[in-house]
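Undergrad: Quick one, fold the following:
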Amino acid sequence: MKKTVETIDKILTFIEENILFIFLVVMLGSVFIGLANRYLFQESLRWTEELARYLLIWATFVGASLGVKKGVHISIDVLTVYLPEKINKGMRAISYIISIAFCISILYIGIPFINTLMATNQLSPALRLPMYVVYCAVVVGCFLMAIRFVMVFITDIIYNEKTQSDDVAKVD
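TA: Reported below is the predicted structural model:
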């Protein structure tokens with residue numbers, strides 16, 4: 001099982017990092033084209049801002065999944081720092097389970113919402129992109145985060161291995 005978790009982690013990390021890189025490069029290019037066109041030709045392109053906005057939404061939710069892996073999400077650890085390790089481990093387990101449940105609940109709400117958007121055929125103003133593509137970012141991001149939280153749970157709670165978040169900051 002440990003080997004499977006490591007393999008899935010490597011695959012997800014590769015996909016997420018490359019998607020983020022591509023989205024951020026395209027977003028930067030889009031903003032640059034919009035600014036250059038506005039100041040050089042005194043004409044604004046509506047699609048550049050819209051593309052950058054939608055790519056930022058996607059990058060946020062894909063990046064949130066990568067944030068789970070790296071343990072960089074905001075957390076309040078003032079109590080857990082001073083608790084014995086056994087209780088601390090239990091608190092982390094509860095935290096992971098609540099996070100998994102939250103992601104699954106967003107999926108439970110989000111998938112029917114996406115289906116409704118698909119039925120309405122709503123399009124974005126400038127790009128004429130189906131709006132369900134934009135809203136899919138939430139569903140895909142929560143799906144990836146749920147997988148990541150399960151993997152962190154297995155690694156931290158079951159195998160007692162330090163996650164990257166344990167190495168980020170320590171209070172002495």
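Undergrad: Compute the number of surrounding residues for L56.
TA: The local packing of L56 (other C-beta atoms under 10 Å) involves 15 other residues. Backbone N, C-alpha and C define where each C-beta goes, glycine included.
Undergrad: From N115, how far out is it?
TA: 25 Å (C-beta to C-beta, to the nearest Å).
Undergrad: Over to C142?
TA: From C142 to N115 the distance is 16 Å (C-beta to C-beta).
Undergrad: ok, these two, which is more surrounded?
TA: Applying other C-beta under 10 Å to C142 and N115 shows that C142 carries more neighbours, namely 22 against 10.
Undergrad: In contact with that one, which residues?
TA: Residues near C142 by C-beta atoms under 8 Å, 6 or more residues apart in numbering: 61, 103-104, 106-107, 110.
Undergrad: How about I97?
TA: Counted by C-beta under 8 Å, 6+ apart, I97 has contacts F153.
Undergrad: Same question for it, what's its three-state structure.
TA: Counting by DSSP: H, G, I helix; E, B strand; the rest coil, the backbone at I97 sits in helix.
Undergrad: now do S44
TA: Going by three-state DSSP: S44 is coil.
Undergrad: Quick check, pLDDT for the nearest residue to it once chain neighbours are set aside.
TA: Leaving aside its sequence neighbours, S44 sits nearest to R38 (C-beta to C-beta, 6 or more residues apart in numbering; 5.2 Å). For R38, the pLDDT comes out at 93.
Undergrad: so R38 touches R46, yeah?
TA: No: look at R38 against R46 with C-beta atoms under 8 Å: they stay out of range, at 11.1 Å.
Undergrad: any idea how far the residue nearest to S44 is from Y54?
TA: 19 Å.
Undergrad: before we move on, what about V150?
TA: 28 Å.
Undergrad: Helices of the protein, start to end?
TA: Taking DSSP state H as the test, the helices found in the chain are 2-41, 46-70, 85-120, 131-153, 164-168.
Undergrad: where in this structure is pLDDT low?
TA: 163-172 (pLDDT under 70).
Undergrad: residue contacts, the most centrally placed residue in the chain?
TA: The centroid of the chain falls nearest to A64 when counting by C-alpha atoms, centre = their mean (2.6 Å). Residues in contact with A64, defined by C-beta under 8 Å, 6+ apart, are 73, 141, 144-145.
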